[in-house]
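In: Show me the folded form of this:
(one chain, ligands or ions: 1)
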Amino acid sequence: MADILAMRSARRDGSVGGPRTESGSDTRAASAIGSSITIRDVVKTYGAFTAADHISLDVEPGEFITLLGPSGSGKTTLLNLVAGFQKLDGGEILVDGKPVHNVPPHRRGFGMVFQSYALFPNMTVTQNVAFPLRMAGADRETTERRVAETLDIMRLSEHAAKLPSQMSGGQQQRVAIARAIVRRPKVVLMDEPLSALDRRLRESIQIEIRDLHQRLGSTILFVTHDQGEALTMSDRIAVLDAGKIVQVATPVEIYRHPATKFVASFVGESNLIDAEIVQKRGTTMTLKNQEGYVFSAESRSSLDVGRATVLVRPERISISTTPNASALPVVVRSAIFLGEILRIEAETASGERLLIRCTDSADRALPAPGDKLYASWRAEDCWVLP
Ligand SMILES: Nc1ncnc2c1ncn2[C@@H]1O[C@H](COP(=O)(O)OP(=O)(O)OP(=O)(O)O)[C@@H](O)[C@H]1O
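Out: Down below sits the predicted model:
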């Protein structure tokens, strides 16, 4: 998880928002800056059930936004409302500032990719990719050039004459993506496009989609329930729970400073420590857990007395086998060697569970159940939930 975030931070340094500088290339010249999407107080109900519950979200032109949430949280509903496949029961959606309620899906000009590749089985790869251009009435020369460019971007040129049935799942999904971008749409909507693929393939296509986004500059709205995928790919993530957006922020912010217990637990592994506030000074809080262990944490909470829930990520906990007055004593319940890390489940004297991931596994013996350890963490790695 930490690796994903480091990669994301590095990427954001040079890549937030619109298209990247590749002037001169055909692809770049053909591409357009993505559209803005404004989702304002959107409601969608199915009978008595509210699937989208007053959702608002501003997507910047050229931004890669992921809708992340568990099954049934309303991700596909929201994407379908943007696509125009579903009708709004309240609120409005604007693209580049213009309402789209009365624009049918095929006139919105969006590229779309779904979990099922939905390719035409009797058409070759070239014919599948050319289809949207043919429908739009593009001339033959433009169609041939665009299709060739797009197959090249998606590394599909050698498969141009094949039928979908002659290709692997990953290749078919790349054809579906090629078909979605062949018209260089200003908006691309993707609904769990990688969930049918195995992990390795998923990871390699994640990188392809990310590179594609940088190259084309389209706005991408991407749906997934896979938090690792969301952290890897997105400029920002909108986390959904029960039809509501509970947080919209960059991957780093979502991981380090989740807005709620739900976000903290859904994105990455977490320790949520119940503690009493001792003191607050600016953005630093001093707290005391049930054993009386006193520690500092970062906080933007408005609370300054009472109880609080504090997040410490398992990889941010340091452990020592030597007793230390400024550390929290814990007893090991289980420890597993996972190659580059040790995953330790420990318990405090009051029975609170603490998950620890040691990244220095090469230098450390695997502890045994019942061993005593002394855990500590830095204030900046510890976050009081608002
Ligand atoms: N046509 C429909 N009629 C009735 N209920 C629906 C309909 N479509 C969706 N729902 C309900 O709305 C809720 C949100 O569904 P949605 O498909 O948007 O969730 P999701 O977050 O995309 O889930 P998943 O990851 O499983 O696809 C679910 O409880 C679902 O059962």
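In: drop to CA atoms for contacts and neighbour counts, all remaining ones
Out: Noted.
In: got the contact list for the residue of the stretch 101-250 of the chain found nearest the ligand?
Out: Using Cα to the nearest ligand atom, the single residue of the stretch 101-250 of the chain nearest to the ligand is H225, 5.8 Å away. Residues near H225 by Cα atoms under 8 Å, 6 or more residues apart in numbering: L68, G69, P70, S71, E192.
In: Then D304?
Out: Applying Cα under 8 Å, 6+ apart, we find D304 in contact with I277, Q279, K280.
In: ok, G217 touching S36?
Out: No: applying Cα atoms under 8 Å, one finds G217 not in contact with S36, separated by 11.8 Å.
In: list residues touching both of those two?
Out: Between them, G217 and S36 have G62 as joint contacts when contacts are counted by Cα under 8 Å, 6+ apart.
In: These two - which one has more neighbours?
Out: Set side by side, G217 and S36 give different neighbour counts by other Cα atoms under 10 Å, the larger being at G217 (27 against 21).
In: Tell me how far that one lies from G34.
Out: Applying Cα to Cα, to the nearest Å, one obtains 6 Å for the distance of G217 from G34.
In: Go ahead and flag the most central residue of the chain.
Out: Central residue check for the chain by Cα atoms, centre = their mean: the C-alpha nearest the mean position is that of A230, 1.5 Å away.
In: Give me the secondary structure label for it.
Out: helix (DSSP: H, G, I helix; E, B strand; the rest coil).
In: So the closest residue to it other than its chain neighbours: helix, strand or coil?
Out: Using Cα to Cα, 6 or more residues apart in numbering and skipping the chain neighbours, the partner closest in space to A230 is T66 (6.1 Å). On the three-state scheme (three-state DSSP), T66 is labelled strand.
In: all strands of the stretch 151-300 of the chain, in order?
Out: Secondary structure of the stretch 151-300 of the chain, counting by DSSP state E, counting those that start in this stretch: strands at 187-191, 219-224, 236-241, 244-249, 271-281, 284-289, 294-299.
In: Just say which of those strands is most tucked in.
Out: Compared across the strands of the stretch 151-300 of the chain, strand 219-224 shows the largest average neighbour count, a mean of 26 (mean count of other Cα atoms under 10 Å).
In: Quick one: low-confidence residue ranges for the stretch 251-386 of the chain.
Out: Low-confidence segments of the stretch 251-386 of the chain, defined by pLDDT under 70, span residues 361.
In: Looking at the chain, which helix is longest?
Out: Determined from DSSP state H, the single longest helix within the chain is helix 199-216.
In: What segments of the chain are helices?
Out: Assignment of helices within the chain using DSSP H yields the ranges 2-15, 26-30, 75-83, 125-135, 140-153, 169-181, 199-216, 227-233, 251-256, 261-266.
In: what about the ones you listed, which gets the closest to V239?
Out: helix 261-266 (7.2 Å; Cα to Cα).
In: tell me which residues of that closest one are tucked away?
Out: For helix 261-266, the buried set under the neighbour-count rule, 16 or more other Cα atoms under 10 Å, comprises V263, A264, F266.
In: Would you mind measuring from E347 to I93?
Out: According to Cα to Cα, E347 stands 49 Å off from I93.
In: Looking at the two, which is more packed in?
Out: Residue environment comparison for E347 versus I93 gives the larger neighbour count to I93, 24 against 20, counting by other Cα under 10 Å.
In: Quick one: residues in contact with stretch 365-372.
Out: Contacts made with stretch 365-372 from outside it, assessed by Cα under 8 Å, 6+ apart, are listed as T321, P329, V330, V331, V332, R333, S334, A335, I336, F337, L342.
In: Can you give me the end-to-end span of it?
Out: This stretch, stretch 365-372, spans 13 Å end to end (Cα to Cα).
In: for the ligand, what are the nearby residues on the stretch 101-250 of the chain?
Out: Residues of the stretch 101-250 of the chain lying near the ligand by Cα under 6 Å from any ligand atom: H225.
In: which residues of the stretch 101-250 of the chain score low on pLDDT?
Out: Counting by pLDDT under 70, the stretch 101-250 of the chain contains no low-confidence segment.
In: Would you map out the domains in this structure?
Out: Using automatic domain parsing, the domain ranges for the chain come out as 2-110+185-261, 271-384.
In: Where does the stretch 251-386 of the chain get nearest to the ligand, which residue?
Out: Among the residues of the stretch 251-386 of the chain, F266 lies nearest to the ligand; the distance is 13.5 Å by Cα to the nearest ligand atom.
In: OK, contacts around the closest residue to that residue other than its chain neighbours?
Out: In space, F266 comes closest to Q227 once its chain neighbours are excluded; the distance is 7.5 Å by Cα to Cα, 6+ apart. For Q227, the contact set (Cα under 8 Å, 6+ apart) comprises L68, F266, V267, G268.
In: I figured the third one was touching R256, is that so?
Out: Looking back up the chat, that one is V267. No: at 9.9 Å, V267 does not count as touching R256 under the criterion of Cα under 8 Å.
In: burial count for F131?
Out: Per other Cα under 10 Å, the neighbour tally for F131 reads 19.
In: same deal with the one 4 residues further on?
Out: In terms of burial, M135 registers 8 neighbours under the definition other Cα under 10 Å.
In: contacting residues around it?
Out: Neighbouring residues of M135 by Cα under 8 Å, 6+ apart: there are none.
In: check contacts around the residue nearest to the centre of the chain.
Out: Taking Cα under 8 Å, 6+ apart as the criterion, A230 is in contact with T66, L68, T224, I237, P251.
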